[in-house]
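J.: sequence and predicted structure are below.
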Amino acid sequence: TRMREILCASVRLFADETSMPVLDPGRGKTKKGFAWAIARDDRPWGGTDPPAVVFHYAPGRGAEHARDLLAGYSGLLQCDGYTAYKSLAAPKDDSAGPTLVY
């Protein structure tokens, strides 16, 4: 939680999600889950903040998981064109929410 707070105070973040198998208790099988990640590393551009990454498990890939992970973030968000991230974008007439950069 603290690392997420620290990262969400950053000027720029990178976000992505990837599928992974997770145990499905009681069934003796695995199911698909998702590791959502936010990261920063501005060293190549002269940044002084240390690099960091936070992983968050979620059972799905829906926009609600991106909203939970990035709640309160309003900097630059580097991400792919996945729709879940597009739903986070700051409206043009308001500064709340991140500015998406692809």
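T.: Perfect, thanks for sending it.
J.: and the strand or helix carrying Arg4, what does it pack onto?
T.: Element membership of Arg4, judged by DSSP states H and E, is helix 2-7. When contacts are defined as 3 or more Cβ pairs under 8 Å, 6 or more residues apart in numbering; DSSP states H and E, helix 2-7 packs onto strand 29-40, strand 52-58. For every residue, glycine as well, the C-beta is placed using N, CA and C.
J.: now with 6 Å, please.
T.: strand 52-58 (3 or more Cβ pairs under 6 Å, 6 or more residues apart in numbering; DSSP states H and E).
J.: list the neighbouring strands of the strand it packs on plus their orientation.
T.: strand 29-40 (antiparallel) (DSSP bridges).
J.: could I get the buried residue list for the helix or strand bottoming out on mean pLDDT in the chain?
T.: Using mean pLDDT, DSSP states H and E, helix 83-86 stands out as the lowest-scoring helix or strand of the chain, at a mean of 90. For helix 83-86, the neighbour count (16 or more other Cβ atoms under 10 Å) marks 84-85 as buried.
J.: now what about the helix or strand following it, what contacts it?
T.: Tracing the chain past helix 83-86, the next element assigned as helix or strand by DSSP H and E is strand 99-101. By Cβ atoms under 6 Å, 6 or more residues apart in numbering, the surrounding residues in contact with strand 99-101 are 76-78, 89-90.
J.: got these as a markdown table, with distance to Asp68 columns?
T.: Shown next, in a markdown table, are the contacts of strand 99-101 (distance: Cβ to Cβ, whole Å):
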| residue | distance to Asp68 |
| --- | --- |
| Leu76 | 20 |
| Leu77 | 15 |
| Gln78 | 19 |
| Ala89 | 16 |
| Ala90 | 18 |
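J.: buried ones among the residues you listed?
T.: Among the contacts of strand 99-101, those classed as buried by neighbour count (16+ other Cβ under 10 Å) are 77-78.
J.: pull the most distant pair out of the contacts of strand 99-101.
T.: Greatest spatial distance in those: Gln78 and Ala90, 14.6 Å, computed using Cβ to Cβ.
J.: and the closest residue to Cys79 other than its chain neighbours, how far from Gln78?
T.: Spatial nearest neighbour of Cys79, chain neighbours left out: Tyr85 (4.3 Å); criterion: Cβ to Cβ, 6 or more residues apart in numbering. Plainly put, Tyr85 is 10 Å away from Gln78 if you go by Cβ to Cβ, to the nearest Å.
J.: all set now, cheers.
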